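1. give me a model of this one.
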Amino acid sequence: MTQPALPTPPVPPDRPDRPCVTELRLAAFTTHRRATLPLGPLTLLTGRSGCGKTSALRAYEALTRLGGGAELEAVFPDPVACVPERARPDAQGRRGFRIGCTADGPAGPVRLDVAVQAEPELRVVGERLTADGLVLLETALRDPGKRAVQAAWHTAGPTPVTRGPLPDDRLGTALLPLRVAGTTPGQRRVLAAAEQMVVALRSAFACDPRPALMRGAVQAGSGRLLGGCGNLADVLWRTRAECGRRHAQFVAAARAGCTGPVSDVLARLNGDGTVAAAVDRGHGLHTDLGRLGHGELRYLALALVLLTGPGVLEVDPAGEVPAALQTLTILADGFDRGLDPRQQRQLLGLAARMCERGHIRLVGAVSDGSCAVGTEGATVVHLDRD
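-> A predicted model of the protein is given here:
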């Protein structure tokens with residue numbers, strides 16, 4: 001039977017009103033060991049090639065997909081690649097990795113830590129959800145012969161803890177709203193923490209624009225931007241028609257970051273069902289996207305991502321939560337790749353303005369963190385190792 005909606009408690013003045021991930025923990029993941037990465041509204045991961053910028057973003061994306069209910073095999077198609085190279089198997093030949101995060105919001109800081117076994121078979125072997133030092137959910141693999149973990153969640157009623165099995169191929173935190181009745185204060189606290197974590201994780205968009213896919217006409221489709229931004233022309237056709245204000249902002253960004261005059265950015269539907277885009281230079285002159293430079297195309301794609309939202313990007317937001325209470329997190333690998341210094345400044349300035357409003361956050365990987373000098377509100381995390 002469907003439980004009645006719980007009243008929304010008032011948000012303390014020092015708590016974010018929108019759940020968001022404020023910390024990423026990589027206890028043992030690829031090249032990372034005992035790494036804790038603070039995440040602000042605008043965060044840039046920087047360091048030399050091979051320091052783990054891309055793998056950190058991959059771990060974040062994995063948590064977002066697990067928070068959305070995805071199965072382990074879909075999230076980690078090559079789980080052995082996530083195991084630290086020097087990790088030795090135990091007596092049973094088992095190796096794995098551990099990742100986690102902290103989500104802040106109306107329920108206060110909530111920590112999630114997950115241990116995944118990659119060999120000999122992929123499965124969750126341990127999960128812990130905590131708040132204020134209190135363990136709200138804890139799972140452990142008790143019987144390797146069963147495809148389940150033993151779970152215990154906080155109740156604070158006549159029975160302090162409720163126990164039961166959960167699948168070993170999904171994140172238990174994402175399943176709690178289906179398993180916890182919410183009849184005691186303890187259960188309601190568990191639900192609030194779990195829902196905050198899931199909402200903070202689910203609204204994320206991982207992107208790494210690929211200019212080679214943007215140069216030609218593309219098939220008209222859903223108008224939702226893909227991670228590689230290959231359907232940029234299709235999305236421009238939609239956004240130009242649907243929101244004149246945002247399109248004007250996008251044109252202003254294009255004018256600031258592209259070479260030559262920019263009067264507009266156009267999109268047209270061809271007779272064969274494809275969509276093509278071009279830059280309007282004024283006086284009847286148009287430049288097809290295929291003629292733009294590599295950096296210009298990446299710049300345009302990232303600017304469009306920052307200026308749109310979950311309805312335009314290929315993301316899976318928490319539909320049961322009002323959009324006003326969600327934050328879209330953009331995970332941008334190679335955020336500065338192919339951009340000249342002017343484009344970097346313009347794009348970071350746009351990111352800072354959008355992130356300041358609170359409904360968008362950005363975690364980007366850059367080769368040189370000095371590009372953020374002078375950008376108000378930017379958090380630069382250095383990942384260099386000796």
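
2. paired strands for the helix or strand where Ala206 lies, with orientation please.
-> Element membership for Ala206, per DSSP states H and E: strand 204-207. Its sheet considered, strand 204-207 pairs with strand 328-332 (parallel) by DSSP bridges.

3. which parts of the stretch 251-386 of the chain are helices?
-> Ranges of helices in the stretch 251-386 of the chain, per DSSP state H, counting those that start in this stretch, are 294-307, 341-356.

4. skip ahead from the strand holding Ala206 and say which helix or strand is next.
-> Under the assignment DSSP H and E, the closest C-terminal helix or strand after strand 204-207 is strand 218-219.

5. that next one: what's the following helix or strand?
-> helix 232-242.

6. about what we covered before: quick one, which of the helices of the stretch 251-386 of the chain is packed in tightest?
-> The highest mean neighbour count among these, using mean count of other C-beta atoms under 10 Å, belongs to helix 294-307: a mean of 24. Heads up, the C-betas are built off the backbone N, CA and C, glycines and all.

7. residues in contact with that helix?
-> With contacts defined as C-beta atoms under 8 Å, 6 or more residues apart in numbering, helix 294-307 is touched by 205, 207, 209, 211, 214-215, 225, 229, 232, 235-236, 239, 246, 249-250, 253-254, 257-259, 265, 289, 292, 313, 330, 332, 335, 337-340, 343, 346-347, 350-351, 354, 360, 362.

8. ChimeraX command for the buried members of those?
-> Restricted to buried positions by 16 or more other C-beta atoms under 10 Å, the ChimeraX selection for the contacts of helix 294-307 reads:
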select :205,207,209,211,214,215,225,229,232,235,236,239,246,249,250,253,254,257,258,265,289,292,313,330,332,335,337,339,343,346,347,350,351,354,360,362
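
9. pretty sure Gly349 sits against Thr375.
-> Yes - between Gly349 and Thr375 there is a contact at 6.9 Å, judged by C-beta atoms under 8 Å.

10. packing partners for the helix ranked longest in the chain?
-> Longest helix in the chain, counting residues (DSSP state H): helix 185-202. Other elements packing on helix 185-202 under the criterion 3 or more C-beta pairs under 8 Å, 6 or more residues apart in numbering; DSSP states H and E are strand 20-29, helix 53-67, strand 95-104, strand 110-119, strand 123-131, strand 134-140, strand 148-154, helix 172-179.

11. pull out the buried positions in the last one.
-> The neighbour-count check on helix 172-179 (16+ other C-beta under 10 Å) flags 172-176, 179 as buried.

12. check the closest residue to Ala181 other than its chain neighbours and give its pLDDT.
-> Nearest residue to Ala181 in three dimensions, chain neighbours excluded: Gln187, at 6.1 Å (C-beta to C-beta, 6 or more residues apart in numbering). pLDDT, Gln187: 91.

13. pull the number of nearby residues for Gln187.
-> Residues lying near Gln187 (other C-beta atoms under 10 Å) number 20.

14. any weak-confidence spans in this protein?
-> Low-confidence segments of the chain (pLDDT under 70): 1-14, 310-311, 314-326, 385-386.

15. repeat that for 80
-> 1-17, 157, 222, 309-326, 384-386 (pLDDT under 80).

16. quick one: contacts for Val380?
-> 43-44, 46, 369, 372.

17. how close does it sit to Gln344?
-> Val380 is 13 Å from Gln344, where distance means C-beta to C-beta, to the nearest Å.

18. now stretch 150-166: how far from the chain's centre is it?
-> Stretch 150-166 sits 30 Å away from the centroid of its parent chain (C-alpha atoms, centre = their mean, to the nearest Å).

19. residues in contact with it?
-> So stretch 150-166 is contacted by 134-142, 146, 148-149, 172, 175-176, 179-180, 183-187, 189-190 (C-beta under 8 Å, 6+ apart).

20. ok, of the residues you listed, which come out buried?
-> Buried among the contacts of stretch 150-166 by 16+ other C-beta under 10 Å: 136-139, 141, 148-149, 172, 175-176, 179-180, 184, 186-187, 189-190.

21. out of the contacts of Val380, who's the most crowded?
-> In terms of neighbour count, Leu44 stands highest of the contacts of Val380 at 26 neighbours, by other C-beta under 10 Å.

22. would you confirm that that one contacts Leu383?
-> No - counting by C-beta under 8 Å, Leu44 stays clear of Leu383, with 10.6 Å between them.

23. quick one: neighbours of Arg88, just the number.
-> Arg88 has 6 neighbouring residues, counting by other C-beta under 10 Å.

24. same check, this time on the one 10 residues further on
-> Around Arg98 there are 20 other residues, counting by other C-beta under 10 Å.

25. hey, what's it bridged with?
-> When bridges are called by DSSP bridges, Arg98 pairs up with Ala28, Ala115.

26. for it, what are its contacts?
-> 27-29, 113-116.

27. apply 6 Å and report the result again.
-> Residues in contact with Arg98 (C-beta atoms under 6 Å, 6 or more residues apart in numbering) are 27-28, 115.

28. now, among these, which is nearest to Pro89?
-> Using C-beta to C-beta, Ala28 comes nearest to Pro89 of these, at 13.5 Å.

29. so that closest one is in contact with Pro84, correct?
-> Yes - the criterion here is C-beta atoms under 6 Å, and Ala28 meets it with Pro84 at 5.3 Å.

30. so which residues of the stretch 251-386 of the chain form strands?
-> Per DSSP state E, counting those that start in this stretch, the stretch 251-386 of the chain carries strands over the ranges 264-269, 274-282, 285-288, 328-332, 360-366, 378-382.

31. how about TSV for those strands, with distance to Leu297 added?
-> Below are those laid out as TSV (distance: least, C-beta to C-beta, whole Å):
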stretch	distance to Leu297
strand 264-269	12
strand 274-282	10
strand 285-288	11
strand 328-332	15
strand 360-366	17
strand 378-382	24
